[in-house]
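**Q** The sequence and its predicted three-dimensional model are supplied below.
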Amino acid sequence: KQEVTQIPAALSVPEGENLVLNCSFTDSAIYNLQWFRQDPGKGLTSLLLIQSSQREQTSGRLNASLDKSSGRSTLYIAASQPGDSATYLCAVYGQNFVFGPGTRLSVLP
Amino acid sequence: NAGVTQTPKFQVLKTGQSMTLQCAQDMNHEYMSWYRQDPGMGLRLIHYSVGAGITDQGEVPNGYNVSRSTTEDFPLRLLSAAPSQTSVYFCASSQGADTQYFGPGTRLTVL
């Protein structure tokens, strides 16, 4: 059974810092990995999707990497802003989508 | 495009009552799914569908039924509500394993 974990569970940083969120999964037989953002009381918004054959994807200040063999992905956020405050979830797609518990990020002005 | 829509936004039920959570998408996606989100548990898959007429169980299917008569709609039925079903429910759709699009969620309380 696929299990997805995320470290840290919560993170608080001052504005402007670069930061890394981690996602680990137990079964490397995946088609892709996605990173989502969830604002309080809202649904999830997709940020990046990495196919299993890819090593990384970039969108603006976000960069996600994937090391399928070791079961790890990282989301790098450059020059963080207060508007980046949200919960970030990763999900892997094998037989179905399996989500991690999320990292709650607070960026302080 | 409206994307993925869910109704109602909020619902309070008494134990034993039944209800249907509605989900619709206008992106012609084949894959639709229902999740519940509980504090500390993340999102857990309840049921999913890979096309009209095809549904299957996810991780936590007990107490829920689904059907998929059209590509657009994927309702979730609670047969006899229990307090353990108090949660936030999200519907999502995608074209196969591609990017998932989520609805805004339904916050359900069962007393």
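**A** Received it, and whenever you're ready, just let me know what you need.

**Q** Let me see the contact set for the residue nearest the centre of chain B.
**A** Compute the mean C-alpha point of chain B, and by C-alpha atoms, centre = their mean the closest residue is residue B:34, 3.2 Å away. Residues in contact with residue B:34 (C-beta atoms under 8 Å, 6 or more residues apart in numbering or on different chains) are B:21, B:23, B:45-48, B:58, B:64, B:66, B:74, B:76, B:89-92. Glycine gets a C-beta too; all of them are placed from N, C-alpha and C.

**Q** Out of those, list just those in strands.
**A** Using DSSP state E, B:21, B:23, B:45-48, B:64, B:66, B:76, B:89-92 are the members of the contacts of residue B:34 that sit in strands.

**Q** Of those, which is the nearest to residue A:29?
**A** Distances from residue A:29 to these, taken as C-beta to C-beta, are shortest for residue B:45 (17.2 Å).

**Q** For the helix or strand where residue A:13 lies, name the packing helices and strands.
**A** Residue A:13 belongs to strand A:10-14 when assigned by DSSP states H and E. Applying 3 or more C-beta pairs under 8 Å, 6 or more residues apart in numbering or on different chains; DSSP states H and E, one finds that strand A:10-14 contacts strand A:19-25, strand A:103-108.

**Q** Name the stretch among the ones you listed that sits most buried.
**A** strand A:19-25 (a mean of 19; mean count of other C-beta atoms under 10 Å in any protein chain shown).

**Q** what's that one packed up against?
**A** Looks like strand A:19-25 contacts strand A:4-7, strand A:10-14, strand A:32-38, strand A:72-77, strand A:86-93, strand A:103-108 (3+ C-beta pairs under 8 Å, 6+ apart).

**Q** Show me how far the helix or strand bottoming out on mean pLDDT in chain A is from its chain's centre.
**A** Here the helix or strand of chain A ranked lowest by mean pLDDT, DSSP states H and E is strand A:97-99, holding a mean of 92. Centroid displacement of strand A:97-99 relative to its chain, using C-alpha atoms, centre = their mean, to the nearest Å, is 12 Å.

**Q** In the sheet, which strands lie alongside it, parallel or antiparallel?
**A** Sheet pairing here is set by DSSP bridges, and for strand A:97-99 it gives strand A:86-93 (antiparallel).

**Q** what angle separates the strand it pairs with from strand A:32-38?
**A** On the basis of axes from the mean of the first three to the mean of the last three C-alpha atoms, to 10 degrees, strand A:86-93 is oriented at 160 degrees to strand A:32-38.

**Q** All set, thanks.
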